[in-house]
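>>> Mind folding the following:
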Amino acid sequence: MSYVPLGDKRTVLDKSPVSGIVEKSGGVAEFGFAYDEVLDGSLHYFMDVREAHEFLAPDGSSGSNQIELPDRIMNAYVVLTHSPSTLAFPSRAAAKAWMETGRYAQLKTMLLSLTYK
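This is a model prediction of the structure:
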């Protein structure tokens, strides 16, 4: 599903460095859970590993969760919904409540444990 974020309407709910993933440029990738408010007013949630600057407010695009490594490209993300037309969470409060669950902790731990050598 393609969407257009509203300027600086990205909200990061959680983020941490992923020390085992060093980008081609030498920076450390970051885990994050965030959402963008899109033109129709809905919230697009994402949980993935990105370059750190990708968790800043979007500037006309949703950014990318592609990490350029020395000899390949990596994507690491969680699919939060089965259908592009279905919202991942019915409200911001529901998303924040999900962050307190064991499933959230497991997924975060898994993404933070990624390494590439």
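>>> Next, count neighbours for G63.
When neighbours are defined as other C-beta atoms under 10 Å, G63 has 20 of them. Placement of C-beta: from N, CA and C, glycine included.
>>> wait, what's in contact with it?
G63 is in contact with 50, 54, counting by C-beta atoms under 8 Å, 6 or more residues apart in numbering.
>>> and it, what pLDDT?
Predicted confidence (pLDDT) for G63: 78.
>>> likewise D59?
Taking D59 on its own, its pLDDT is 61.
>>> what's the neighbour count on the spatially closest residue to P17 that is not a sequence neighbour?
Distance criterion C-beta to C-beta, 6 or more residues apart in numbering; nearest residue to P17, sequence neighbours excluded, is V28 at 4.9 Å. For V28, the count of nearby residues is 13 (other C-beta under 10 Å).
>>> for V28, phi and psi?
phi -90, psi 130 (degrees, to the nearest 10).
>>> so what's it up against?
Contacts of V28 (C-beta under 8 Å, 6+ apart): 17-19, 21-22, 52.
>>> In this structure, where's the longest strand?
strand 5-22 (DSSP state E).
>>> Give me the distance from the helix or strand following that strand to the chain's centre.
Next in sequence after strand 5-22, counting helices and strands by DSSP states H and E, comes strand 28-38. Its chain's C-alpha centre lies 3 Å from the corresponding centre of strand 28-38 when counted by C-alpha atoms, centre = their mean, to the nearest Å.
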